[in-house]
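S.K.: 3D, please:
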Amino acid sequence: MRAPWGDARRPGPGARAGDRGQVAVEFVGMLPLILLTLVLLWQCVLIGYTFTLAGNAADQAARAGAVGDDCHAAALRHLEGAWAASADAQCDPGADGMVRAKVTLHVPVLFPGAASFPFDVTGEAGAVREGERR
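M.R.: Model (predicted):
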């Protein structure tokens, strides 16, 4: 006796037998678009992280310069790996009692250390020099 709803394993009289695997074919067709979206999102995360690192390194360099420590070493101490290798830290003691630090980092392509974009990210910070009396 046959069930009233039909047999799910066998196509009915009006169904096409060639539809098997259609979801797999659609997924394979969409896979490059999915991967491209993930790569672009990852690259946006790296750009944002580079901005964060540059700002933090500039803050640390300005604080170190304000108390008389080595500004350049303080900036590089808070960067790791490929970001430290591509960093350019400059400190300006200034005549107005302010220490200004500027840290420039290269923006990596996909992961740090391989290649970088032709534009840089700059973080700037300032701190009042401590220990001086007017």
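S.K.: tell me what the helix or strand harbouring Cys44 is packed against?
M.R.: Taking DSSP states H and E as the definition, one finds Cys44 inside helix 22-66. Secondary-structure packing of helix 22-66 (3 or more Cβ pairs under 8 Å, 6 or more residues apart in numbering; DSSP states H and E): helix 71-77, strand 88-92, strand 98-108, strand 116-128. (Each C-beta comes from the backbone N, C-alpha and C, glycine too.)
S.K.: Can you pull out the residues in contact with the shortest one?
M.R.: What it means is strand 88-92. 57-58, 61-62, 65, 71-72, 75-76, 99-105 (Cβ atoms under 8 Å, 6 or more residues apart in numbering).
S.K.: what about 6 Å?
M.R.: Outside of strand 88-92, the residues within contact range by Cβ atoms under 6 Å, 6 or more residues apart in numbering are Ala61, Gly65, Cys71, His72, Ala75, Arg100, Ala101, Lys102, Val103, Thr104.
S.K.: Find the pair from the residues you listed with maximum spatial separation.
M.R.: Using Cβ to Cβ, the pair of the contacts of strand 88-92 lying farthest apart is Gly65 and Thr104, separated by 16.4 Å.
S.K.: What is the burial count for Val99?
M.R.: Neighbour count for Val99, taken as other Cβ atoms under 10 Å: 23.
S.K.: Nearest to Val39 among the contacts of strand 88-92?
M.R.: Nearest to Val39 out of those is Thr104 (Cβ to Cβ; 25.3 Å).
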